[in-house]
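Enquirer: here's a sequence, model it:
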Amino acid sequence: MAVIETPRRSPVARTLSFLPLVCAGILVLVAVLGAALVPYSPVDVVARPDIAPGADHLFGTDSAGMDVFSRTVAATANNLLIGLLTTVAATAIGILLGLLVGMRESGSGPVGAVARGLARAIDLVQAVPAIVIGLVLIAYFGASVPALALALTVVLTPNQARLVRTEVLRVRAEAYLDAARISGEPEYAVIFRHVLPNASWPAFENASLVFASAIVLTAGLGFLGVGLNPPTPEWGSMISAGAPDAASGRWWSALFPALALALTVVVVTAVGQRLFGRGRDR
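Expert: Okay, the predicted model is just below:
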């Protein structure tokens with residue numbers, strides 16, 4: 001019988017496959033060490049307005065006279081923190097909601113009614129545009145890192161819950177669950193020892209997309225003027241403030257935070273593919 005060998009990747013391809021992880025590590029270092037890396041205060045006027053990029057100001061200064069490089073680097077910590085808090089909360093809550101809905105929505109009694117109500121609530125939240133939900137919640141709770149993380153958690157949790165629910169519906173029909181029940185395991189043990197570990201992987205695989213979406217939505221809210229209160233550095237608000245300058249040729253105050261936002265989203269997405277998708281080593 002012929003043996004089919006799996007093609008091996010070259011050493012160069014294997015090395016390049018670690019590039020997203022290296023870039024992610026650099027992002028984390030920039031976020032943690034940002035205060036030590038910036039040459040100027042990111043929240044104070046440090047020079048005259050609209051200085052072009054040069055030796056004294058690598059990314060130039062904005063229309064208020066603040067250093068764009070310092071603000072772009074400092075904003076990394078704020079945006080990544082919001083993304084991390086949102087991802088952890090949305091994934092944890094989504095797994096629990098998906099588990100409850102998937103296991104109990106077809107049942108009777110109060111628990112079944114609650115599960116069906118949660119399923120309809122998830123559908124309702126997904127039907128409303130994310131920006132609208134964010135605007136409403138920020139208007140109520142205020143513009144801060146916890147408030148933004150809370151708003152984005154509400155927006156991004158339903159997708160995680162739906163992924164887990166779909167997997168729960170598949171897993172709960174498996175024969176090994178019946179075997180566990182026949183062996184005498186209580187229902188809660190069946191759920192948390194067998195269903196939960198096997199049904200939660202879709203949410204973990206989607207976590208990088210949640211992280212990237214949280215960063216983009218944070219920037220979108222900042223662009224609309226409802227993000228972190230100025231002069232707190234945040235990429236979306238920096239792009240919004242620099243957009244009018246770009247129209248008159250002073251492109252740097254909007255370009256560099258936009259590049260930072262785009263590169264961060266690309267790196268986060270690539271890390272997710274490296275860990276869970278096609279980028280994973282075989």
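Enquirer: and the residue lying closest to V265 once chain neighbours are set aside, which of the three is it?
Expert: Leaving aside its sequence neighbours, V265 sits nearest to A212 (C-beta to C-beta, 6 or more residues apart in numbering; 4.7 Å). For the C-beta atoms, the positions are set from N, CA and C on the backbone; glycine is no exception. For A212, the assignment made with DSSP: H, G, I helix; E, B strand; the rest coil gives helix.
Enquirer: ok, G227 next?
Expert: coil.
Enquirer: tell me which element the closest residue to it other than its chain neighbours falls in.
Expert: Counting by C-beta to C-beta, 6+ apart, L221 is the residue found nearest to G227 once chain neighbours are left out, at 4.7 Å. Assigned by DSSP states H and E, L221 belongs to helix 207-223.
Enquirer: flag every buried residue along that helix.
Expert: Buried residues in helix 207-223, counted by 16 or more other C-beta atoms under 10 Å: 207-223.
Enquirer: residue ranges in the stretch 101-250 of the chain under the pLDDT threshold?
Expert: 107 (pLDDT under 70).
Enquirer: using CSV, list the CA coordinates for stretch 221-231.
Expert: C-alpha atoms of stretch 221-231 as CSV (Å, rounded to 0.1, in the frame of the first residue of the first chain):
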residue,chain,number,x,y,z
LEU,A,221,-16.4,55.4,18.6
GLY,A,222,-13.3,57.6,19.1
PHE,A,223,-13.7,58.9,15.5
LEU,A,224,-17.3,59.8,16.2
GLY,A,225,-16.1,61.8,19.3
VAL,A,226,-17.5,59.5,22.0
GLY,A,227,-14.4,57.6,22.8
LEU,A,228,-11.9,58.3,25.6
ASN,A,229,-12.0,61.8,26.8
PRO,A,230,-9.3,64.1,25.2
PRO,A,231,-6.5,64.5,25.5
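Enquirer: next, the residues that contact it from outside, please.
Expert: Outside stretch 221-231, the residues within contact range by C-beta atoms under 8 Å, 6 or more residues apart in numbering are 42-44, 64, 66, 78, 131, 134-135, 138-139, 143-145, 148, 151, 218-219, 234-240.
Enquirer: stretch 24-44 too?
Expert: 46, 57, 66-67, 69-71, 73-77, 80-81, 231-233, 264, 267-268, 271.
Enquirer: for the record, mean pLDDT for it?
Expert: Averaging pLDDT along stretch 24-44 yields 91.
Enquirer: so how far is that stretch off the chain centroid?
Expert: 20 Å (C-alpha atoms, centre = their mean, to the nearest Å).
Enquirer: number of nearby residues for V73?
Expert: By the criterion of other C-beta atoms under 10 Å, V73 has 24 neighbours.
Enquirer: next one: L263
Expert: For L263, using other C-beta under 10 Å, the count is 12.
Enquirer: and the contacts of stretch 221-231, which are buried?
Expert: 42, 66, 78, 134, 138, 143, 145, 148, 151, 218-219, 234-240.
Enquirer: so which other helices or strands are in contact with the helix or strand hosting A90?
Expert: Using DSSP H and E, A90 sits in helix 68-104. When contacts are defined as 3 or more C-beta pairs under 8 Å, 6 or more residues apart in numbering; DSSP states H and E, helix 68-104 sits against helix 19-37, helix 109-127, helix 145-171, helix 196-199, helix 201-205, helix 207-223, helix 235-247, helix 252-276.
Enquirer: if anything else comes up later, I'll come back, but that's it for now.
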